[in-house]
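Enquirer: Fold the following.
(one chain, ligands or ions: 1)
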Amino acid sequence: MSMLLSVRGLHAGYGPVEVLHGVDLEVHEGQVAVILGANGAGKTTTMRAVSGMIARRGEIEFDGTNITKSPPEAIVRLGIAQVPQGRGTFTDITVEDNMRAGAYVRHDHHAVATDIALWYETFPRLSDRRSQKAGTLSGGEQQMLAIARALMSRPRLLLCDEPSLGLAPIITKELFQIIKRLNEQQGLTVLLVEQNANLALEIAHHVCLLETGQIVASGSPEVIADDDAVRRAYLGT
Ligand code: ATP
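Expert: Here you go, the predicted structure:
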């Protein structure tokens, strides 16, 4: 399986404060990779660095192209879409306009309409609410919209930052099932940040453990789940 994203020696932070101290990670095409880590470990910062939203140094390669210095829009055009933590939908416009906004880098307007129809099939709750303002959706529906909007750019890699945040367990489960289906049926590659380790390990092909800005362990979900320290810290067993 070919490597889609390769991150080597990534350093990033905010102003003078360095948060990532040389992160290495790889995401293979067609897989779901998960970054597990406690609050403040640097998970969101890693996502922001990959999507070009903050200053970074090291080496980030996407499908053989070095994107370390690329601006966010160029990174979206290359095929990386981010679902930010806290959803980040445009609350004052409708569900459908949010979907259209996700296609801003595309010029194939006819295919955009086809894609919107396609994603309504995957997210029927959004279809029912297509004319509703995004800000009036429930938390789970907003998260679904954030994912659907990101998919509208036709990404090859979806960065998903803690989709379970603030959601009821049953909604979280539904969301993870959708992510799993997108991966299995459409071959979408996913890099997922999660604190809900049990759920994340269920859909992951590969897991990295991030602690204070460094990857301290990585491997298959079986290997990671077998690690005593991981079990104590993340699985509560
Ligand atoms: P959580 O699970 O709580 O979201 P995280 O692993 O995603 O945590 P980050 O959001 O990457 O962690 O934050 C890592 C560190 O960077 C924290 O100490 C945080 O306070 C700091 N940080 C995050 N965003 C900013 C910012 N915009 N300005 C300054 N410091 C920030």
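
Enquirer: CA atoms for contacts and neighbours, from now on please.
Expert: Fine.

Enquirer: ok, residue 148 to the ligand distance?
Expert: 22 Å (CA to the nearest ligand atom, to the nearest Å).

Enquirer: Buried ones in the one helix or strand that residue maps to, by neighbour count?
Expert: Assigned by DSSP states H and E, residue 148 belongs to helix 139-151. Buried positions in helix 139-151, judged by neighbour count with 16 or more other CA atoms under 10 Å: 139-151.

Enquirer: Now tabulate those residues in JSON lines and tack on pLDDT.
Expert: Putting the buried residues of helix 139-151 into JSON lines (pLDDT from 0 to 100) gives the following:
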{"residue": "139", "pLDDT": "89"}
{"residue": "140", "pLDDT": "89"}
{"residue": "141", "pLDDT": "92"}
{"residue": "142", "pLDDT": "92"}
{"residue": "143", "pLDDT": "91"}
{"residue": "144", "pLDDT": "91"}
{"residue": "145", "pLDDT": "94"}
{"residue": "146", "pLDDT": "94"}
{"residue": "147", "pLDDT": "94"}
{"residue": "148", "pLDDT": "94"}
{"residue": "149", "pLDDT": "94"}
{"residue": "150", "pLDDT": "94"}
{"residue": "151", "pLDDT": "94"}
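
Enquirer: Just name the closest of those residues to the ligand, please.
Expert: Among these, residue 143 lies closest to the ligand (CA to the nearest ligand atom), at 15.7 Å.

Enquirer: need the contact list for that closest one.
Expert: Counting by CA atoms under 8 Å, 6 or more residues apart in numbering, residue 143 touches 87, 163.

Enquirer: let's see 6 Å
Expert: residue 87 (CA atoms under 6 Å, 6 or more residues apart in numbering).

Enquirer: do the same with residue 148
Expert: By CA under 6 Å, 6+ apart, residue 148 has no neighbours at all.

Enquirer: next one: the one 5 residues further on
Expert: Shown in contact with residue 153 (CA under 6 Å, 6+ apart): 102-103.

Enquirer: before we move on, what about the one 4 residues further on?
Expert: For residue 157, the set of contacting residues under the criterion of CA under 6 Å, 6+ apart consists of 80, 189-190.

Enquirer: what residue lies at the spatial centre of this structure?
Expert: The residue lying closest to the centre of the chain (CA atoms, centre = their mean) is residue 160, at 1.6 Å.

Enquirer: Doesn't residue 23 belong to a strand?
Expert: Yes - assigned with DSSP: H, G, I helix; E, B strand; the rest coil, residue 23 falls within a strand.

Enquirer: Quick check, it in contact with residue 9.
Expert: Yes - at 5.1 Å, residue 23 and residue 9 qualify as touching, with contact defined as CA atoms under 6 Å.

Enquirer: These two: which is more packed in?
Expert: Per other CA atoms under 10 Å, whichever of residue 23 and residue 9 has more neighbours is residue 23, with 20 against 16.
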